[in-house]
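> Below are the sequence and a predicted model; questions follow.
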Amino acid sequence: MSIIENHQTHGAPFSDSPKLTARNVGVYYGDKQAIFDVSLDIGANEVIALIGPSGCGKSTFLRCLNRMNDTIDICRVTGDIELDKENIYDPKMDVVPLRARVGMVFQKPNPFPKSIYDNIAYGPRIHGLAHSRVELDEIVEKSLQRAGLWSEVKDRLHAPGTGLSGGQQQRLCIARTIAVDPEVILMDEPCSALDPIATAKIEELIDELRENYTIAIVTHSMQQAARVSQRTAYFHLGQLIEVNPTDQVFTTPEHALTEAYITGRFG
Amino acid sequence: MNYSSLIIVLLILLGGGYLLGRNKARAIANQGMTLHSLPTHYGALVALWTGLPPLLLLIIWSLFEQQVVDHLLVAQLPQQIQAGSSADIQLAISKVHNLASGTGLSASPELQPAVKHLQALESRTSMLHTGLILALALLGLAVTWRRVQNTLRARSEVERMVRYMLFASSGIAVLTTLGILASVLYEAWMFFGKVSIIEFLFGTSWSPQIALRADQSGSSGSFGAVPLFVGTLLISMIAMFIAVPVGLMSAIYLSEYATSRIRSFAKPALEILAGIPTVVYGFFAALTVAPVIRGIGESWGLDVSSESALAAGLVMGIMIIPFVSSLSDDVINAVPQSLRDGSYGLGATRSETVRQVVIPAALPGIVGAVMLAVSRAIGETMIVAMAAGLAANLTFNPLDSVTTVTVQIVTLLVGDQEFDSPKTLAAFALGLVLFLVTLVLNFVALKIVQKYREQYD
Amino acid sequence: MTNTSMTTREKVEHSMKRRRAAESRFRLYGMASVLFGLLCLVVLFGDILSKGGSAFTQTFIETEIQLDGDYLGLDASSSDQDVRNANFSGLVKKHFRAMVNPDGRKERRQLYSLISAGAAWQLQSEVIADRSLIGSSLRIDLLADDDVDQWFKHDRGHEGEHSRLSELQLQWLNTWVDEGALKTRFNTRFFTNGDSREPELAGIHGAIKGTFLTLLVTFLLSFPIGVAAAIYLEEFAPKNKITEFVEININNLAAVPSITFGLLGLAIFINIFGVARSTPLVGGLVLTLMTLPTIIISGRAAIKAVPPSIREAAFGLGASKMQVVFHHVLPLALPGMLTGTIIGMAQALGETAPLLMIGMVAFVVDVPGFINDPSTVLPVQIFLWSDSPERAFTERTSGAIIVLLGFLIVMNTAAVMLRRRLERRW
């Protein structure tokens, strides 16, 4: 069953200053196991890329990190995941504040059918982050600015968010996530539905965001992983094969499967 | 020959036509000629031409026979009856029918010529009828059988005929709509010839009882339908007041909160409510709910009518709950999961996601569903006919007795009617209003729901 | 308190108490709504069952009656006609008079009102079946009147003001109870009789037969027409304005109030075409128009569910469009269409309003034999009985409702099972 011995990940899966630590994580959909015994640290203020062929479990693993898998009835997670030394699967842990701390951006841009302003203000409103209209306006403007969208939409804040272009919509979703002021941002193939120009803008944005946030990004594109991340984790059939600094993964991969993947022998 | 034996003979002819056509085609093929179609197609073609035209004739004949016969009978009635009102003529004609078939009770010598005429007519038409239909069947069989040649494109011809038949079937729905429109429009037109449309739509007094004799006083009947409209509105509003919140919240709970086990039990259980006949709800409303409400009201010192709008509206609301909840369920499920994920990903709770993302996204669909439910409430008949009153009170007090459009239609049309009295015609005018209002509601609601679906497809 | 001094995390934590409360409140509303719906269902069924369960039993007075040939004017060689003309009713009265010796005319009348008019018919039919009974004494359970029936089944033990029986009548009845003469038996008449003004003689046989004939007409017309229309719209109709119009029409028709179909039936079928009123034929015609949209819509869904690969395979073999549809698509879509048809039939079975318009409210005692005999249907029978003041009719109404719901449950279960089988295949 196991491709690598005892699920022993090659390279350096652990970090000195971890923000998130995952230990022996397994995920089951009903009887079917999707993730096998994955242990990985995500360091503070780093961008880590999760790569691997389709169906390798990288998105599933990402969704464990803020318990998005809870929304799927039949999904079950084993092992430990800690955020700042706090077990997020503790029964006493409330997912609501957890997800406020670990935000998520999805594969397809999914703006709410509301105005641009209300899309951004949604998170701060539900979490009670602003106590006045002025404060809320500030948060909205700041978030849009950080997402690089402010100049494009400042004159039509009350137009529907669904009216923006695909790339703008995705930046709107990132701005929406930033507005809640999370500590970690999870991105699930954020550029897969976008054209190259929009993709470049998002990648630029990710690089800027690294200063303040810890980012884990699932990507299908090795170039993207190489451009935005400091570390890269390679998943294969639900197992974490290798984790190493990005340069190293793309130049001298440790494991034969990693090499096969980055040289394009399967994908 | 009576209908059933005629139809059996027709079926035998049809089967025979099939065999004859097929065998002739086979014989041609055995002579070494290439047929255009399979032998069975030739058989089917002969069978179709044998069966279809007589069947059509049969239907048309039976639709119009009664009228033609009655028309011929009128001429045979005594002069003084012919000069009388249409109701008298109808009465005499039905007497003649009874006497002719031997079930008449009273001997009426003055009708004897008509009775004799009818008996003669019936035996003659029956022979003519049978003869014509069988002749047509045989003609169709013979002509088509002769046409069976190797060059006859039997398959395309059969397929074309079948296609026309399919088309005609789908046209029946349109004919139904036209039939409803034509019948209510025509009768309503006659009604508005007797009562002004302004009085009907804006008058506030409804008492359709017409004097039996011309010299009776104070009973010319008044046809101001506003009390009925208000009563209908009041009961529908009470029903919506129950059905919309309960139905919507049930749909939300079942689709967003409940475990699949609870859902698989509760959903079909709620849908049972939708399958219960309305007459059962009417019985429940009249015999169980109304007395309970009256009892509660009296214990609080309130004056509650035994046919209160509240009882009818409440039960109607219960009936509509599953309607609202299953429509809302469809609509809520059409909201893409990605929107929910987006909201959960920001740390929203379930209720925040539902109230601030799912419901606003589903709003057009929900509005459509509610409109369909309103249309349903307005058109509901049995609950109100059994539990609401007949008194046309103009009131918004739910504890009072009110009457509705549908109740009045039923009351005016059940029992014996003379056909062109304003009382009977008024029912059709009310029917016209009901049909138009529900048609508009349904049309707009279906458009909204359709647009909404397309948005997320 | 200054906001700015709080970190985001603290603000979120701070909001949690309020939000958790809102969350559980919302959840509670949802649960309460579902429970309310289920509660209505339970109360409705409980109410009907508790009211109607006793309709299936009937009170009888067991007695030994002398079939006096001289009194009746009958002997072993009397013809059936003679037996029918004989005064059995007088015999019954005489028999009970001898039992309790009522004093005067008023008391006699009180006594007679305890026994159903059906008692005389019971004796009559016994004698018609066996002429040798004449002159002998017969032990028989005679039908009690509906007031006695209600008293014996419900009020006995807690005599209250709601009994319509007098002191004297109760005294007689209590004696009979002590003697063990009063007893209840399964109410076969409820299933074998037609309608009657007397509750103890009224049954649903006529209504059930009428319902069966009406639904037969409905099925024979609506199934082929509905299937044909669904096939046309799904497989042959060109995508143009006319087709769109037909589709909109069908969808709207499905939501039009049923009572308007009754108006159509009255104005067109009865007044223009002269179809006889109150017959299963005209009822079936009206219900056909009403159920057609349901059948067409579900039929189209069933055709849509047939995988295109099957069509392509048949076309690939050179089949014509017609052959593909009739040989391949239709057989696969048929179970789905049948499911829709059963659901449509169940709707038609419960439908009342349009049938009121076309005269099916007539009081019909005879059981209809064919589709052109005057008849009523089960829901209309329920409507008619529910209007009767007698308590016994309320009970019978509920009994008829139980039977109606029984039919509906059978039909819907059949539809569900058919659908399950269908789902398993693809």
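Received it, and whenever you're ready, just let me know what you need.
> what's around residue B:109, how many residues?
Counted with other CB atoms under 10 Å in any protein chain shown, residues neighbouring residue B:109 total 7. Placement of C-beta: from N, CA and C, glycine included.
> Next to chain A, which bits of chain C? Give me the list.
C:3, C:8-9, C:11-16, C:18-20 (CB under 8 Å from any CB of the partner chain).
> okay if I get those as a markdown table plus distance to residue C:280 and neighbour count?
Output for the residues of chain C next to chain A, formatted as a markdown table (distance: CB to CB, whole Å; neighbours: other CB atoms under 10 Å in any protein chain shown):
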| residue | distance to residue C:280 | neighbour count |
| --- | --- | --- |
| C:3 | 77 | 14 |
| C:8 | 74 | 17 |
| C:9 | 74 | 14 |
| C:11 | 72 | 20 |
| C:12 | 69 | 26 |
| C:13 | 71 | 16 |
| C:14 | 71 | 15 |
| C:15 | 67 | 17 |
| C:16 | 66 | 18 |
| C:18 | 64 | 10 |
| C:19 | 61 | 21 |
| C:20 | 61 | 13 |
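> Mind putting these into a markdown table with pLDDT, secondary structure and distance to residue C:130?
What follows is those, written out as a markdown table (pLDDT from 0 to 100; DSSP: H, G, I helix; E, B strand; the rest coil; distance: CB to CB, whole Å):
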| residue | pLDDT | secondary structure | distance to residue C:130 |
| --- | --- | --- | --- |
| C:3 | 48 | coil | 100 |
| C:8 | 81 | helix | 98 |
| C:9 | 83 | helix | 96 |
| C:11 | 85 | helix | 95 |
| C:12 | 86 | helix | 92 |
| C:13 | 85 | helix | 92 |
| C:14 | 85 | helix | 93 |
| C:15 | 87 | helix | 89 |
| C:16 | 88 | helix | 87 |
| C:18 | 90 | helix | 85 |
| C:19 | 91 | helix | 84 |
| C:20 | 91 | helix | 81 |
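> Between the residues you listed, which sits nearest chain B?
residue C:19 (5.6 Å; CB to the nearest CB).
> Now do the same contact list for whatever residue of chain C ends up closest to chain B.
Residue of chain C nearest chain B, by CB to the nearest CB: residue C:257 (2.4 Å). Contacts for residue C:257 (CB atoms under 8 Å, 6 or more residues apart in numbering or on different chains) come out as B:375-376, B:378-381, B:406, B:434-435, B:438, C:353.
> Residue B:381 versus that one, what's the distance?
Distance of residue C:257 to residue B:381, computed by CB to CB, to the nearest Å: 7 Å.
> anything in contact with each of those two?
B:406, C:353.
> Where do the helices of the stretch 1-150 of chain A begin and end?
Ranges of helices within the stretch 1-150 of chain A are A:58-64, A:95-101, A:116-127, A:133-146, A:150-153, based on DSSP state H, counting those that start in this stretch.
> Equivalent analysis for the stretch 51-200 of chain C, please.
C:69-72, C:80-85, C:88-100, C:104-112, C:118-129, C:146-150, C:167-179, C:189-192.
> among those helices, which is nearest residue B:206?
helix C:146-150 (37.4 Å; CB to CB).
> which strands and helices sit next to that closest one?
Secondary-structure packing of helix C:146-150 (3 or more CB pairs under 8 Å, 6 or more residues apart in numbering or on different chains; DSSP states H and E): strand C:57-66, helix C:391-425.
> anything in the longest one near chain B?
In other words, helix C:391-425. Yes. Applying CB under 8 Å from any CB, one finds helix C:391-425 touching chain B at C:394, C:397-398, C:401, C:404-405, C:408, C:412.
> buried ones in that helix?
Judged by neighbour count (16 or more other CB atoms under 10 Å in any protein chain shown), helix C:391-425 contains these buried residues: C:391-405, C:407-408, C:411-412, C:414-415, C:418-419, C:422.
> Also the first one?
Across strand C:57-66, burial judged by 16+ other CB under 10 Å covers C:57-61, C:63, C:65.
> In this model residue C:170 seems to touch residue C:114, though I could be wrong.
No. Using CB atoms under 8 Å, residue C:114 is not in contact with residue C:170, being 10.3 Å away.
> Give me the more crowded residue out of these two.
Neighbours per residue (other CB under 10 Å) separate residue C:114 from residue C:170, with residue C:114 holding more: 19 against 16.
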